[in-house]
Each structure stands twice: as C-alpha cells, then as structure tokens.
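**Student:** below are the sequence and a predicted model for it; my questions follow.
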Amino acid sequence: SENVRWAHSVAQYHEQEATLCGDVLLTAAFISYAGSFSKKYRKELLDNLWMPFLRTQKWNNEGLPGDKMSTQNATILTNCEWTV
C-alpha cells in the first residue's frame, strides 16, 4: 500500500541522513577537482582510481581489518567468479 511505501522511504531517508555530510563533501571534492576534465577522463578516474579506494574504506568501516592481506583477500573474494 501507499502507506508502506512512504514508511519505507522515510526509513531510507533517515539512514541516508547519517552519511549526508560525507556524501556532500565527496561530491564537492569531485566537482572541484575533476569538473574541468572531459567526461571520459572523469569516468576513468572514478572507476579505476577512486571507487576501489572507497570500496576498501567501506569494508574498513564495516569491521574489516585495515592490513594489506585482509584488503587483498576481500578484493579477491568480491571479484572472483567461483565460490570457495
């Protein structure tokens, strides 16, 4: 029903509120730094340089130890096609 959908949306907004400042900061930094580059180069920067770094930071925030071996293992597990 419409009431359930609205309640779900409100719950999502409350979750997003916790990271709003960081999201705005990252967006502003991206626009400030990469705004003058071509679309192709910005996409390449985002996909090949920044997203892998942000992914590992998310893992660390979720409790993965910050050492190199843990990061490498998590990278392998998320990118492999076969389950162990």
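**Tutor:** Here it is on my side, so go on. Because the structure is a prediction, the values reported are computed rather than measured.
**Student:** so how many other residues sit close to the residue lying closest to Ala34 once chain neighbours are set aside?
**Tutor:** Setting aside the residues directly before and after it, Ala34 is nearest to Arg42 in space (CB to CB, 6 or more residues apart in numbering), at 4.8 Å. (Glycine included, C-beta is placed from N, CA and C.) As a burial measure, Arg42 scores 16 neighbours (other CB atoms under 10 Å).
**Student:** for Trp59, same thing?
**Tutor:** For Trp59, using other CB under 10 Å, the count is 17.
**Student:** just the element for it, please.
**Tutor:** helix 51-61 (DSSP states H and E).
**Student:** show me what that helix is packed up against.
**Tutor:** helix 68-79 (3 or more CB pairs under 8 Å, 6 or more residues apart in numbering; DSSP states H and E).
**Student:** quick one: residues in contact with the helix it packs on.
**Tutor:** Identification of contacts with helix 68-79 by CB atoms under 8 Å, 6 or more residues apart in numbering yields Pro52, Arg55, Thr56, Trp59, Leu64, Val84.
**Student:** and with 7 Å instead?
**Tutor:** Contacts to helix 68-79, defined as CB atoms under 7 Å, 6 or more residues apart in numbering, come from residues Thr56, Trp59, Leu64.
**Student:** from these, pick the one nearest Ala7.
**Tutor:** Trp59 (30.4 Å; CB to CB).
**Student:** got a list of what the closest one touches?
**Tutor:** By CB under 7 Å, 6+ apart, the neighbours of Trp59 are Ala74.
**Student:** so can I have a markdown table of the contacts of helix 68-79 showing pLDDT and distance to His14?
**Tutor:** Shown next, in a markdown table, are those (pLDDT from 0 to 100; distance: CB to CB, whole Å):
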| residue | pLDDT | distance to His14 |
| --- | --- | --- |
| Thr56 | 83 | 27 |
| Trp59 | 85 | 24 |
| Leu64 | 86 | 25 |
